[in-house]
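S.K.: for reference, the sequence and a predicted model appear below.
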Amino acid sequence: MHVGMCSIFQSTDKNVNDRTVYNNDLALARMAEPLGFESVWTVEHHFTDYTMCPDPLQFLTYMAGCTSKVKLGTMVVVLPWHDPMRVAEQISLLDNLSDGRLILGLGRGAGRVEFDAFRQDMADSRPRFVESAECVLTGLEQGFCEYQGDFVQQPKALIRPAPFKTYKGRTYAAAVSPESVEIMARLGIGLLVIPQKPWDQVEKEIAEYRETFERLNGEPPPAPIMAGWTMCDPDKDRAYEMARKYIGGYWQTVLDHYNFDTGHLKDQKGYEYYGKFAESIERSGVDGAVEYFMSLQTWGSPDMCYDTIVTNAERIGAEAYVGVFSYAGMPPSEAERNMKCFANKVMPRLQARKVSGNIAWAA
């Protein structure tokens with residue numbers, strides 16, 4: 001099983017400046033390859049302290065120069081916020097610089113604060129994402145972008161440096177709503193599962209996606225990639241205490257950034273599914289919502305973490321796990337301890353697991 005790590009550059013302590021946050025998370029990212037992690041990832045967000053990586057491809061280009069063999073993953077590039085021609089160029093440049101180590105993750109975004117500052121209507125995000133994805137992915141396969149749509153009008157232009165290998169089988173998208181799952185199957189790309197809803201529901205949607213993908217593409221999809229906010233400690237009681245503090249604290253930052261608990265997305269075109277979060281939080285209360293979010297993530301003793309990952313991976317057929325080890329103002333020493341405990345006690349057992357090999361990029 002492939003195992004990676006993700007740096008998210010989250011700042012929740014007003015007494016710690018952004019540069020310090022970056023230095024701390026960069027130190028963790030540079031530890032990944034020596035510790036045996038097989039990929040380094042980051043996310044894309046803008047304008048707030050929720051996470052501070054506005055350009056995943058730029059960060060991963062830096063990591064390409066710091067490493068020699070780890071894969072480099074975007075979780076995700078939010079296509080509606082970018083010019084697709086420029087994105088295609090950046091992707092190809094990083095892939096050329098890293099000798100083809102990129103794992104391309106795409107998404108459409110859900111933060112109103114980001115759409116507003118980019119002067120975009122959230123109602124257009126889904127069709128804008130589809131057009132941008134078609135333009136970028138087709139362009140990367142043929143070496144030039146050319147597209148005429150409602151939102152993307154791109155005259156023929158070469159991608160230089162030219163792409164030198166296919167992105168099929170190593171392109172993924174984060175999909176939360178059921179409608180997005182079908183779109184990803186149509187686009188012929190895999191699923192990146194970031195735990196936000198019950199695993200039985202995820203299992204059902206993955207099965208529907210797999211059936212749709214095979215029907216439309218004539219072959220099985222890439223095995224899903226599974227991410228998780230991770231807290232690993234030899235003492236299961238301390239692990240719970242730390243998970244409650246930091247994974248629970250991360251959940252609060254989700255609410256603060258997306259305002260899921262206000263119900264503002266309930267009537268937003270294209271985001272109706274997200275409106276259900278507010279109803280769920282209202283029913284369970286704050287404590288219930290924290291416990292629910294913790295139940296979706298990976299925490300506990302090394303044995304507990306291993307069992308959680310294997311159980312969830314087997315449910316959805318995932319063959320890769322990407323852990324987030326620093327978040328919600330966690331002290332750097334605790335983040336390093338957390339990551340090393342996982343690397344030493346959990347990761348070797350996961351990497352030894354036999355899988356179907358439906359992630360060709362992991363070779």
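M.R.: Sure, I can see it.
S.K.: residue contacts, residue 193?
M.R.: Counting by Cβ atoms under 8 Å, 6 or more residues apart in numbering, residue 193 touches 202, 206, 224, 225, 226, 227, 316, 318. (Glycine included, C-beta is placed from N, CA and C.)
S.K.: which parts of the stretch 51-200 of the chain are helices?
M.R.: 56-66, 84-97, 112-117, 125-142, 178-187, 199-217 (DSSP state H, counting those that start in this stretch).
S.K.: keeping just the C-alphas, turn the second one into CSV.
M.R.: Think helix 84-97. Below are the C-alpha coordinates for helix 84-97, written out as CSV (Å, rounded to 0.1, in the frame of the first residue of the first chain):
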residue,chain,number,x,y,z
PRO,A,84,-6.6,26.5,-17.6
MET,A,85,-3.8,27.2,-20.1
ARG,A,86,-1.5,28.4,-17.4
VAL,A,87,-2.4,25.4,-15.2
ALA,A,88,-1.5,23.0,-18.1
GLU,A,89,1.9,24.8,-18.5
GLN,A,90,2.6,24.7,-14.7
ILE,A,91,1.7,21.0,-14.5
SER,A,92,3.9,20.1,-17.5
LEU,A,93,6.8,22.2,-16.1
LEU,A,94,6.7,20.4,-12.7
ASP,A,95,6.4,17.0,-14.3
ASN,A,96,9.4,17.7,-16.5
LEU,A,97,11.5,19.1,-13.6
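S.K.: quick check: end-to-end length of stretch 343-357?
M.R.: 22 Å (Cα to Cα, to the nearest Å).
S.K.: what's the average pLDDT for that stretch?
M.R.: Stretch 343-357 comes out with an average pLDDT of 95.
S.K.: stretch 74-82 too?
M.R.: The model assigns stretch 74-82 a mean pLDDT of 97.
S.K.: show residues contacting it.
M.R.: 6, 41-44, 46, 56-57, 60, 87, 91, 102-109, 114-115, 118, 120, 124-125, 128-129, 132-133, 136, 172-174, 192, 194, 227, 322.
S.K.: make a ChimeraX selection of the buried ones in those.
M.R.: Restricted to buried positions by 16 or more other Cβ atoms under 10 Å, the ChimeraX selection for the contacts of stretch 74-82 reads:
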select :6,41,42,43,44,46,56,57,60,87,91,102,103,104,105,106,107,108,109,114,115,120,124,125,128,129,132,133,136,172,173,174,192,194,227,322
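S.K.: and residue 293, how far is that from residue 124?
M.R.: 29 Å (Cβ to Cβ, to the nearest Å).
S.K.: before we move on, what about residue 305?
M.R.: From residue 305 across to residue 124, the span is 40 Å (Cβ to Cβ).
S.K.: in the stretch 101-250 of the chain, where is pLDDT below threshold?
M.R.: The stretch 101-250 of the chain contains residues with pLDDT under 70 at 176.
S.K.: which residues sit in contact with residue 18?
M.R.: Contacts of residue 18 (Cβ under 8 Å, 6+ apart): 11, 52.
S.K.: mind checking how far it is from residue 134?
M.R.: 35 Å.
S.K.: of all the contacts of residue 193, which comes closest to residue 327?
M.R.: Nearest to residue 327 among the contacts of residue 193, counting by Cβ to Cβ, is residue 227 at 12.0 Å.
S.K.: pretty sure the closest one belongs to a helix, no?
M.R.: No. With DSSP: H, G, I helix; E, B strand; the rest coil as the criterion, residue 227 is located in strand rather than a helix.
S.K.: how much space separates the residue nearest to it when sequence neighbours are not counted from residue 13?
M.R.: In space, and not counting its chain neighbours, residue 227 is closest to residue 322: 4.5 Å by Cβ to Cβ, 6 or more residues apart in numbering. Counting by Cβ to Cβ, the separation of residue 322 from residue 13 is 25 Å.
S.K.: which residue is nearest the centroid of the protein?
M.R.: Geometric centre of the chain, nearest residue: residue 75, 3.2 Å, by Cα atoms, centre = their mean.
S.K.: what's the end-to-end length of stretch 191-210?
M.R.: End-to-end for stretch 191-210, by Cα to Cα: 10 Å.
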